[in-house]
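Peer 1: Quick one, structure for this:
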Amino acid sequence: MLAGFKPEEILFNGNSKSDKEIRMGVRTGVKFSVDSIDELYAISEIAVQENKEVKIAFRINPDISPQTHPKIATGLKTSKFGIPWEEVIDAYRLAVELPNVIPCGIHCHIGSQILDVSPFVEALNRLFDVALKIEELGVEIEFLDLGGGLGIDYTGKGAPTPKDFANAILPVFDERVKELKSKPELWLEPGRSIVGNTTILLTKVNAVKKAYKNFVAVDAGFNLLVRPAMYGAYHRVAVANKMDRGAEETYTIVGPICETGDVLAEDRELPRIEKGDLIAVFDAGAYGFSMSSQYNGRRRCAEILVDGSKWYITREEESYSDLIGKQIIPDFLLV
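Peer 2: I've put the predicted structure just below:
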């Protein structure tokens, strides 16, 4: 269980929960964000088997564009997430009738790395529109979960602050909650906005090659930071051991993985780079290690916690044994 949280304060989210996961959640006592009617039936059935009552919210798809990368826009009409907001009332009506499930909230999440707070306001209004209708079904609403998605400043051009976010949504919440009989809480999922810029990926230069471009080959690939390759994401970089020097040449920072797309940063003005230098890739928290892999036979790096002048190893560098540690070879292949 997450430290500091009671089970009933946790909302189990996801669009493809297995029966095993649902049973674990029912036994633990968490709330569920329900993504489909099939899932609703599964929760009800398992809750009956476990002799438990389960509080639920439906995740609605509000059909709102957050103006972010299409792969992380989760509230579009075409997204795989949630139930269309125009149809979700029927889902709540069914939930009221099913045994051992108690509708008590509404959930949505419109995307990630959102740099304009206005889509959050639009989504919050959609939640209230749904809330008014499900109260007519007898649902007492305990919470409205607006999800997360507040972006961070990857590029140095600025990003909304938590204060900007609060100034946009709180007046809407305070005004529209007056329309309800219920007194719901507003739940938020701050996500990357609290951890994204806490982490730096530090990687060593193996070689500098003057070809079509000045390629700087480092020992970290997209197995450690997949965002640039997957989303075309921009991360600021610096030569960590030459922070006192100005830009001298244009470089493209590439990793060791056997794919042309293994590029961490393209066409950056940096001090003169040499073999052995250290490249710092900033804002690697949130989706650095959590999306890392052992792809291409690459080991994941160590993680170091820095506290002022003190530092602590919080995860050891993987060994080559770790790459095959869980493999089981059938006896007939060893003959």
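Peer 1: Now do the same for residue 296: helix, strand or coil?
Peer 2: Following DSSP: H, G, I helix; E, B strand; the rest coil, the label given to residue 296 is helix.
Peer 1: My guess is it contacts residue 255. True?
Peer 2: No: Residue 296 is beyond contact range of residue 255, at 9.4 Å (criterion: C-beta atoms under 8 Å). (Glycine included, C-beta is placed from N, CA and C.)
Peer 1: Counting neighbours, what do you get for residue 127?
Peer 2: The number of residues packed near residue 127 is 26, by other C-beta atoms under 10 Å.
Peer 1: same question, residue 97
Peer 2: The tally of other residues near residue 97 (other C-beta under 10 Å) stands at 9.
Peer 1: residue contacts, it?
Peer 2: Residues counted as contacts of residue 97 (C-beta atoms under 8 Å, 6 or more residues apart in numbering): none.
Peer 1: Could you number the chain from 12 rather than 1 from now on?
Peer 2: Noted, 12 is the first residue going forward, which turns the last one into residue 108.
Peer 1: Can you check the pLDDT for it?
Peer 2: pLDDT for residue 108: 97.
Peer 1: Ok, residue 202 next?
Peer 2: Predicted confidence (pLDDT) at residue 202: the value is 86.
Peer 1: circling back to that earlier point, residue 307 and residue 266: who's more crowded?
Peer 2: Neighbour comparison, residue 307 and residue 266: the larger count goes to residue 266, with 25 against 14 (by other C-beta under 10 Å).
Peer 1: For that one, which non-adjacent residue is spatially closest?
Peer 2: residue 232 (2.9 Å; C-beta to C-beta, 6 or more residues apart in numbering).
Peer 1: Can you verify my assumption that the one you found contacts residue 308?
Peer 2: No: at 10.7 Å, residue 232 and residue 308 do not qualify as touching, with contact defined as C-beta under 8 Å.
Peer 1: of these two, who's got more company?
Peer 2: Of the pair residue 232 and residue 308, residue 232 is the one with more neighbours under other C-beta under 10 Å, namely 24 against 11.
Peer 1: Just list the residues touching that one, thanks.
Peer 2: Residues in contact with residue 232 (C-beta under 8 Å, 6+ apart) are 266, 267, 268, 273, 275, 307, 309.
Peer 1: Can you tell me which of these has the most neighbours?
Peer 2: residue 275 (27 neighbours).
Peer 1: And the helices in the stretch 12-161 of the chain?
Peer 2: Along the stretch 12-161 of the chain, counting by DSSP state H, counting those that start in this stretch, helices occupy 30-39, 48-61, 99-108, 129-146.
Peer 1: Would you mind putting the ones you listed into TSV with distance to residue 227 alongside?
Peer 2: Formatted as TSV, the helices of the stretch 12-161 of the chain follow (distance: least, C-beta to C-beta, whole Å):
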stretch	distance to residue 227
helix 30-39	43
helix 48-61	47
helix 99-108	50
helix 129-146	37
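Peer 1: Double-check that the residue nearest to residue 266 belongs to a helix.
Peer 2: No: with three-state DSSP as the criterion, residue 232 is coil rather than part of a helix.
Peer 1: so how far is residue 280 from it?
Peer 2: For residue 232, the distance to residue 280 (C-beta to C-beta, to the nearest Å) stands at 23 Å.
Peer 1: chain center to stretch 153-169: distance?
Peer 2: Relative to its parent chain, stretch 153-169 has a centroid offset of 10 Å by C-alpha atoms, centre = their mean, to the nearest Å.
Peer 1: Just the C-alphas of that stretch, formatted as CSV.
Peer 2: Taking Å, rounded to 0.1, in the frame of the first residue of the first chain, the C-alpha atoms of stretch 153-169 are listed here in CSV:
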residue,chain,number,x,y,z
GLU,A,153,-18.0,12.1,-2.6
PHE,A,154,-15.4,13.3,-5.1
LEU,A,155,-14.7,14.7,-8.5
ASP,A,156,-11.3,13.6,-9.7
LEU,A,157,-9.9,15.9,-12.4
GLY,A,158,-6.9,13.7,-13.0
GLY,A,159,-3.5,15.1,-13.6
GLY,A,160,-1.5,16.3,-16.6
LEU,A,161,-0.1,19.7,-15.5
GLY,A,162,3.1,20.1,-17.6
ILE,A,163,6.6,21.1,-16.6
ASP,A,164,9.1,23.3,-18.3
TYR,A,165,11.2,21.0,-20.4
THR,A,166,12.3,23.6,-22.9
GLY,A,167,13.0,26.7,-20.7
LYS,A,168,10.1,28.6,-22.3
GLY,A,169,8.0,28.4,-19.2
